[in-house]
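Colleague: model the following, please.
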Amino acid sequence: MSFNNILVVCVGNICRSPIGAALLMAKYPEKNIDSAGLSAVVDHQADAKALAVMAVDGIDMGEHIAKQITEELVRTADLILTMSTSQNKWIEEQWPHCRGKTFRIGHWIHKDVADPYGHDERAFETAKQDIVDSLEQWFNKI
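Modeller: Coordinates of the predicted model:
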């Protein structure tokens, strides 16, 4: 199965999900990859520390604008990647039709990605590395 529409989700859509989406876009420029938040900081740019950790790899997230998860976004997604088991449950409770296509990004390595918001640069670097490690396990499935 090919996943052409991928939605990456976190809480605020300014740290982890933009990082995950940007990494996927870099790997799969031909796919439709988006991100959203369960409680998004709507219309805000990505956190400055998230921008900085991605700039190290030459990935510019300066155009990112946070948005709230919606029925339309989940309906059109072939695959929804969250940062935690609790986020999976929230989505599946809101939209039961998302069962079977909603997975924790760290599913294959049994890991949640901790929220770095409000923490130092090291927390952002750790979150990014956790997302990179998690996505490596998805690449042969996407």
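
Colleague: any idea of the mean pLDDT in the longest helix seen in the chain?
Modeller: For the chain, the helix reaching the highest residue count under DSSP state H is reported as helix 121-138. Averaged over helix 121-138, pLDDT sits at 97.

Colleague: from the contact counts, what lies against that helix?
Modeller: Taking 3 or more C-beta pairs under 8 Å, 6 or more residues apart in numbering; DSSP states H and E as the contact definition, the neighbouring helices and strands of helix 121-138 are helix 16-27, helix 48-55. No exception for glycine: its C-beta is placed from N, CA and C like everyone else's.

Colleague: restricting to C-alpha, output the helix or strand following the shortest one in PDB.
Modeller: Read it as helix 48-55. Secondary structure here is assigned by DSSP states H and E; on that basis, the next helix or strand after helix 48-55 toward the C-terminus is helix 71-76. Extracted as PDB, the C-alpha positions of helix 71-76 are listed here (Å, rounded to 0.1, in the frame of the first residue of the first chain):
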ATOM      1  CA  GLU A  71     -12.500  16.300   9.900                       C
ATOM      2  CA  GLU A  72     -11.400  17.300   6.400                       C
ATOM      3  CA  LEU A  73      -7.700  16.700   7.200                       C
ATOM      4  CA  VAL A  74      -8.300  13.300   8.800                       C
ATOM      5  CA  ARG A  75     -10.700  12.200   6.100                       C
ATOM      6  CA  THR A  76      -8.300  12.800   3.300                       C
END
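
Colleague: and helix 71-76, how far out from the chain middle?
Modeller: Here the centre of mass of C-alpha atoms in helix 71-76, compared against the chain's by C-alpha atoms, centre = their mean, to the nearest Å, lies 15 Å away.

Colleague: what do you get for stretch 53-73?
Modeller: Computed by C-alpha atoms, centre = their mean, the chain-centroid distance of stretch 53-73 equals 9 Å.

Colleague: same check on stretch 96-106?
Modeller: Taking C-alpha atoms, centre = their mean, the mean C-alpha location of stretch 96-106 is offset from the chain mean by 13 Å.

Colleague: any idea how far apart the tips of that stretch sit?
Modeller: End-to-end distance of stretch 96-106: 21 Å, with C-alpha to C-alpha, to the nearest Å as the criterion.
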